[in-house]
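> Structure here, sequence nowhere to be found:
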């Protein structure tokens, strides 16, 4: 592997290690690490009033309109039911990784964890997804950061 190709890989590896060690995100096993598949690298969830706001960071090798990360989803991990979907309206060729937010997400009170994944126009899903453990103190409307 050429030195030029090792640097981005090492930076991504360092980012994953840092996020893991700070308890920010938990990657799910069995994902494709190739940037042709959108990789969810960070998620922040905030409970506001009666709903959630999610800010999701995605890393993908966007290549214009023919191949780009076009959405992210919040799912119930057990059933796979989609609780929210944020459509990404255009490629982000020059902005990688990028973060987009969505407000007003309803999550049933009995759901303590959600899965966040991203899809693209060609490969759909299959990249890194993140399991978000929602705080048990949600009813107190505290600021919540993913673990």
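Right, received. Where do you want to start? Since the model is a prediction, treat every value here as computed from it, not as a measurement.

> What segments of the protein are strands?
Ranges of strands in the chain, per DSSP state E, are 26-27, 39-48, 51-59, 69-75, 82-87, 98-105, 113-120, 130-133.

> Nearest to residue 33 among those strands would be which one?
strand 39-48 (7.3 Å; C-beta to C-beta). Using the backbone N, CA and C atoms, a C-beta is placed for each residue, glycine as well.

> Return the set of buried residues in the closest one.
Within strand 39-48, the residues scored as buried using 16 or more other C-beta atoms under 10 Å are 39-47.

> and if you look at stretch 83-94?
Neighbour-count burial for stretch 83-94 flags 83-84, 86, 88, 91-92 (criterion: 16+ other C-beta under 10 Å).

> if you average pLDDT over it, what comes out?
Regarding stretch 83-94, the rounded mean pLDDT is 88.

> among the helices and strands of the protein, which one scores worst on average pLDDT?
strand 26-27 (a mean of 43; mean pLDDT, DSSP states H and E).

> how many neighbours does residue 35 have?
Around residue 35 there are 19 other residues, counting by other C-beta atoms under 10 Å.

> can you offset everything so residue one is 30?
With 30 as the first residue, the last one maps to residue 64.

> Tell me the pLDDT of it.
On the pLDDT scale, residue 64 is placed at 84.

> Setting aside sequence neighbours, what's the nearest residue to it?
Nearest residue to residue 64, sequence neighbours excluded (C-beta to C-beta, 6 or more residues apart in numbering): residue 90, at 4.0 Å.
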